[in-house]
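Q: coords please:
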Amino acid sequence: MARIPQLLQAGRTHSFEFFPPRTADAEVALEQTLVELEPLHPAFVSVTYGAGGSTRERTHDLVVRINDRPGMTAMAHLTCVGHTRAELEAIVTRYRDSGVENILALGGDAPADLDLPPGDLTYAVELVRLIRATGDFAVGVAAHPEPHPRSPDLATDRRRTAEKLAEADFAVTQFFFEAHHYLELVDSLRTLGVDKPILPGIMPVLSIGAIKRMAELQGSQFPAWFDARLREVEDDPEAVRAVGIEEATTLCRTLLDAGAPGLHFYTLNRSTATREIAASLGLAAPPA
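A: You can find the predicted model right below:
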């Protein structure tokens, strides 16, 4: 187990995101994914957190279990939405007592189908402060390249992201499809005095409908040129997947060439696409 800021200081990283499985079959599938991705030697992996604590126990247990694997470091996601301050303090204290050292602090969005009570904290920066007050953690936050859908304008989004990063150690972005979104985010934050690492989030397109739904939920635009290319092969799922992998690989190369400190892959608990991209990028070399 290691602290993510030190891993980022040591050099370029690659990392993966998982979500807690809900069924026994999903548990088996995730275990297989972990086995298949271990040879890529990720710097760390992250585990998502359901709105209002719907995956509180499963997130905690998966983070602890991954940290127990040789050579694996896990980061727990945690959101403010639907939680009292006391609940959040208890969750963070439990992570501290379980030896977890890395947390991603998120404001969180309440799903429309869940009737969640208002939480005591509203913004991620408040959660960063609560985590800092509870234990000696490495703390990450989210960044939105396009930007956050609730931000009134781009300038406000960038100021709020800078405020979070002033108190956190690093950021991980939402996924995006064109490198200029990430590069503009980094440039604007540097102008605001932020020099913390900002890891780009990568989501390869494997299904046209699925990626468009996810992009809409997080407020991202799906590029017209990308849509047109996919529509040319939309009747062939394997061809759609091949185009998605190719474009994700190109995006990763562009980001690395531009100086990104690493890549964070949204795996959806499957390994194949990530392994294919990693192989093309030469990320599978054993650690020094």
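Q: surely V194 meets A162?
A: Yes - V194 lies in contact with A162 (C-beta atoms under 8 Å); the separation is 5.0 Å. For glycine as for every other residue, the C-beta is placed from the backbone atoms N, C-alpha and C.
Q: please name the bridge partners of the nearest residue to R3 once chain neighbours are set aside.
A: Spatial nearest neighbour of R3, excluding adjacent residues (C-beta to C-beta, 6 or more residues apart in numbering): A138 at 4.4 Å. Beta-bridge partners for A138, by DSSP bridges, are N102.
Q: tell me, how many residues neighbour A138?
A: 22 (other C-beta atoms under 10 Å).
Q: what do you get for D169?
A: D169 sits with 19 neighbouring residues when counted by other C-beta under 10 Å.
Q: next one: the closest residue to S151 other than its chain neighbours from A166, what distance?
A: Once flanking residues are discounted, S151 sits nearest to D157: 3.6 Å by C-beta to C-beta, 6+ apart. D157 is 15 Å from A166, where distance means C-beta to C-beta, to the nearest Å.
Q: those two: who's more crowded?
A: Under the criterion of other C-beta under 10 Å, the comparison of D157 against A166 puts D157 first, with 21 against 13.
Q: and the more buried one, helix, strand or coil?
A: Classification of D157 by DSSP: H, G, I helix; E, B strand; the rest coil places it in helix.
Q: in the stretch 101-250 of the chain, which spans are strands?
A: 102-106, 138-143, 170-175, 198-202 (DSSP state E, counting those that start in this stretch).
Q: what would these look like in TSV with distance to T23 and mean pLDDT?
A: Below are the strands of the stretch 101-250 of the chain laid out as TSV (distance: least, C-beta to C-beta, whole Å; pLDDT from 0 to 100):
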stretch	distance to T23	mean pLDDT
strand 102-106	25	98
strand 138-143	28	98
strand 170-175	25	97
strand 198-202	26	98
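Q: between the ones you listed, which one is closest to R22.
A: Shortest distance between R22 and these, using C-beta to C-beta, is found for strand 102-106: 20.2 Å.
Q: which residues touch the nearest residue to R231 once chain neighbours are set aside?
A: Leaving aside its sequence neighbours, R231 sits nearest to I208 (C-beta to C-beta, 6+ apart; 7.7 Å). Neighbouring residues of I208 by C-beta atoms under 8 Å, 6 or more residues apart in numbering: D227, L230, R231, E234, V240.
Q: burial of the fourth one, as a residue count?
A: In other words, E234. Look at E234: counted by other C-beta under 10 Å, it has 13 neighbours.
Q: which pLDDT value goes with it?
A: The predicted structure scores E234 at 95 on the pLDDT scale.
Q: okay but it is in contact with R241, surely?
A: No - E234 is beyond contact range of R241, at 11.5 Å (criterion: C-beta under 8 Å).
Q: what's the distance between E232 and A239?
A: 8 Å.
Q: could you do I208 as well?
A: 11 Å.
Q: do A210 as well
A: 16 Å.
Q: also H144?
A: 31 Å.
Q: more neighbours: which of the two?
A: Set H144 next to A239 and count neighbours by other C-beta under 10 Å: H144 wins out with 23 against 13.
Q: quick one, what contacts the more buried one?
A: With C-beta under 8 Å, 6+ apart, H144 has these contacts: S151, D157, T161, T173, Q174, L185, Q218, G219.
Q: filter those to the buried ones?
A: S151, D157, T161, T173, Q174, L185, Q218 (16 or more other C-beta atoms under 10 Å).
Q: how much space between the second one and A215?
A: Per C-beta to C-beta, D157 is found 17 Å from A215.
Q: pretty sure E178 is in contact with P223, am I right?
A: Yes - using C-beta under 8 Å, E178 is in contact with P223, at 5.9 Å.
Q: higher neighbour count, those two?
A: E178 (17 against 14).
Q: quick one: contacts for that one?
A: P223, L251 are the contacts of E178 under C-beta under 8 Å, 6+ apart.
Q: the helix or strand containing C252 - contacts with which helices or strands?
A: For C252, the host element (DSSP states H and E) is helix 237-257. Helices and strands touching helix 237-257, as assessed by 3 or more C-beta pairs under 8 Å, 6 or more residues apart in numbering; DSSP states H and E, comprise helix 179-191, strand 198-202, helix 224-231, strand 262-266, helix 272-281.
Q: among the contacts of I208, which one sits closest to V64?
A: Relative to V64, and with distances defined as C-beta to C-beta, the nearest of the contacts of I208 is V240, at 37.2 Å.
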